[in-house]
Each structure stands twice: as structure tokens, then as C-alpha cells.
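> Show me how the following folds:
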Amino acid sequence: QVQLVESGGGLAQAGGSLKLSCAVSGRTFSTNSMAWFRQAPGKEREFIAAITTNSGIESYAESVKGRFTISSDNAKNTVNLEMNSLKAEDTGVYSCAAGRYVGARSPTNYNYWGQGTHVTVSA
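You can find the predicted model right below:
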């Protein structure tokens with residue numbers, strides 16, 4: 001089992017920044033990809049960013065490329081999402097996920113999920 005706990009959500013103004021963190025614990029040897037997903041009100045969960053656990057290769061959704069940065073801190077066992085130039089459409093519940101498949105963007109490819117943290121961006 002892998003346990004994931006997100007933190008760092010809150011309220012931000014459009015154009016502002018927030019940093020999310022995901023604390024990772026448990027049997028992490030089976031995970032090859034860590035990702036962030038977002039679910040806006042009334043919408044399906046969507047892929048935001050992922051990072052491979054071995055090589056640190058990053059991938060992003062087009063909607064956040066150039067504004068968001070995913071990173072991992074192995075010493076602290078955290079995966080972070082730095083969000084800049086926030087837009088109202090970035091509002092949603094952000095969830096951290098862990099899975100086996102490198103490059104996966106579908107939620108179905110991720111086995112472990114955190115509870116999520118709310119992000120609200122005011123226009």
C-alpha cells in the first residue's frame with residue numbers, strides 16, 4: 001500500500017501562485033509514476049502533470065504547460081506542484097496519484113490516490 005496526503009491548497013487571485021505538496025509513504029517500490037490530477041466542479045477528473053520516480057522525467061497537460069512545475073523531493077518523500085500565473089479555470093480539487101505505468105495520463109492507470117486539496121482561483 002502507498003499512502004498519499006496532499007497539502008497546500010487554498011484561495012488565490014488570478015495571476016497568483018500556489019504550491020501543492022504530496023507526502024508519500026508506504027510501499028513505494030511498485031510506483032514508477034507520480035501525478036497530479038484536477039477535478040473542476042461538474043467536470044471529469046483531468047490529468048495535470050506527472051513525473052517518473054526513477055529518472056524525474058516530467059510531462060504536462062497543454063493547459064498548464066509553462067505555468068505549472070512538478071517536482072519530487074526524495075529526501076522528504078514529497079511530490080510538489082508549483083502553480084504560477086493561475087487562472088480561474090484552474091479551480092478544482094487537486095489530487096496526487098501513484099501508479100506503475102510511466103507516461104500514463106489516464107486516472108485508471110493510477111492505483112493510489114490522496115484525498116485531494118481544494119484550489120480556488122478568483123478572477
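> and Gln13, bridged to which residues?
Bridge pairing for Gln13 (DSSP bridges) gives the partners Ser122.
> swap in Thr117?
Taking DSSP bridges as the rule, Thr117 bridges to Tyr94.
> wait, doesn't it sit right on Val5?
No. Thr117 lies out of contact with Val5 (CB atoms under 8 Å); the separation is 9.2 Å. Yep, even glycine has a C-beta here, placed from its N, CA and C like the rest.
> Give me the more crowded residue out of these two.
Neighbours were counted for Thr117 and for Val5 using other CB atoms under 10 Å; Thr117 has more, 20 against 14.
> contacting residues around the more buried one?
Going by CB atoms under 8 Å, 6 or more residues apart in numbering, Thr117 touches 6-9, 20, 93-95.
> The most centrally placed residue in the chain and Cys96: what is the separation?
The residue lying closest to the centre of the chain (CA atoms, centre = their mean) is Trp36, at 2.0 Å. Applying CB to CB, to the nearest Å, the value for Trp36 to Cys96 is 6 Å.
> likewise Met34?
Distance of Met34 to Cys96, given as CB to CB: 7 Å.
> Quick check: neighbours shared by the two?
Both Met34 and Cys96 are contacted by 22, 24, 79, under the criterion CB under 8 Å, 6+ apart.
> Adding pLDDT, distance to Ser71 and secondary structure, write the residues you listed out as TSV.
Below are the shared contacts of Met34 and Cys96 laid out as TSV (pLDDT from 0 to 100; distance: CB to CB, whole Å; DSSP: H, G, I helix; E, B strand; the rest coil):
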residue	pLDDT	distance to Ser71	secondary structure
Cys22	97	11	strand
Val24	95	13	strand
Val79	97	7	strand
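> Out of these, grab the one that's most surrounded.
The residue in those with the most neighbours, by other CB under 10 Å, is Val79 (28 neighbours).
> so where's the protein uncertain?
Counting by pLDDT under 70, the chain contains no low-confidence residues.
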